[in-house]
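> Model the structure of this input:
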Amino acid sequence: MRFDDILDRHRDLKRPVYSFEILVKGSGFEPCKEKVLLFFQRYQLVRFSAITVDESRSISALNPGFQARLQEAIRANRTILQTLIKELQDEKVLTLDDLNELPQGYKTKLLHIITHFLDGFFGIDTHFYNFVEDSHWVSDGMLKMIGEIPSDFWLLPLDARI
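Purely as a prediction, here's the structure:
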């Protein structure tokens, strides 16, 4: 999908609502929700006009379905990243050497989105975001910590409007 300006990517995606799954560390739903809302209030790369955190679908790691939902969210991110990479490959960017001759424009903006994804910058292409590690993934160490103190970790689904 071609787009004109990375700062206006939402116009290209044409979604009225963006849905995310956020991994947060906190003593319960309310403190986790506050962390999420404060993050988005201060975040400069993406600005939303409205955010709704769905308490009824939020779960702590004590919930038996937590790990399956976490893994599903991470898989969604992998799929998004693979789609972005495929899009860049379709533009004939196939090796690292191709980057040396990459003209500024659509291809570099696509690469920019991929790099943000890998660097752990939240963006509207994100599905899952790990607030604890500032990442689109979950490290083995974090998985171990979740297993040791599951009451401290929550998955919060949210819907946001640009």
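> and for the strand or helix carrying residue 78, what are the contacting residues?
With the criterion set as DSSP states H and E, the secondary-structure element containing residue 78 is helix 66-90. The contact list for helix 66-90, computed with CB atoms under 8 Å, 6 or more residues apart in numbering, reads 1, 21, 23, 59-61, 107, 110-111, 113-114, 117-118, 125-128, 136-138, 150, 153, 155. (C-beta placed from N, C-alpha, C; glycine too.)
> so after the helix or strand bottoming out on mean pLDDT in the chain, what's the next helix or strand?
Lowest by mean pLDDT, DSSP states H and E among the helices and strands of the chain is helix 9-13, with a mean of 53. Proceeding C-terminally, helix 9-13 gives way to strand 18-25 as the next helix or strand, assigned by DSSP H and E.
> Can you tell me the SS state at the residue nearest the centre of the chain?
Using CA atoms, centre = their mean, the residue of the chain that lies closest to the mean C-alpha position is residue 126, 2.9 Å off. Of the three states, residue 126 takes coil under DSSP: H, G, I helix; E, B strand; the rest coil.
> looking at it, it is touching residue 117, isn't it?
Yes: with the criterion set as CB atoms under 8 Å, residue 126 and residue 117 qualify as a contacting pair; they are 7.4 Å apart.
> Find the residues that touch each one of those two.
Counting by CB under 8 Å, 6+ apart, the residues touching both residue 126 and residue 117 are 77, 80, 136.
> so which of those residues is the most crowded?
For these, the largest neighbour count, defined by other CB atoms under 10 Å, is 26 neighbours, found at residue 136.
> separation between residue 67 and residue 59?
Taking CB to CB, to the nearest Å as the measure, residue 67 falls 10 Å from residue 59.
> do the same with residue 135
Taken as CB to CB, the span from residue 135 to residue 59 is 20 Å.
> Give me the next element, helix or strand, following the helix holding residue 78.
The C-terminal neighbour of helix 66-90 among helices and strands, as given by DSSP H and E, is helix 106-119.
> Determine how far the helix or strand that that next one is followed by lies from the middle of the whole chain.
Using DSSP H and E, the helix or strand that follows helix 106-119 towards the C-terminus is strand 128-130. Distance of strand 128-130 from its chain centroid, counting by CA atoms, centre = their mean, to the nearest Å, is 5 Å.
> and strand 128-130, what other elements does it pack with?
In this structure, strand 128-130 makes packing contacts with strand 18-25, helix 66-90, judged by 3 or more CB pairs under 8 Å, 6 or more residues apart in numbering; DSSP states H and E.
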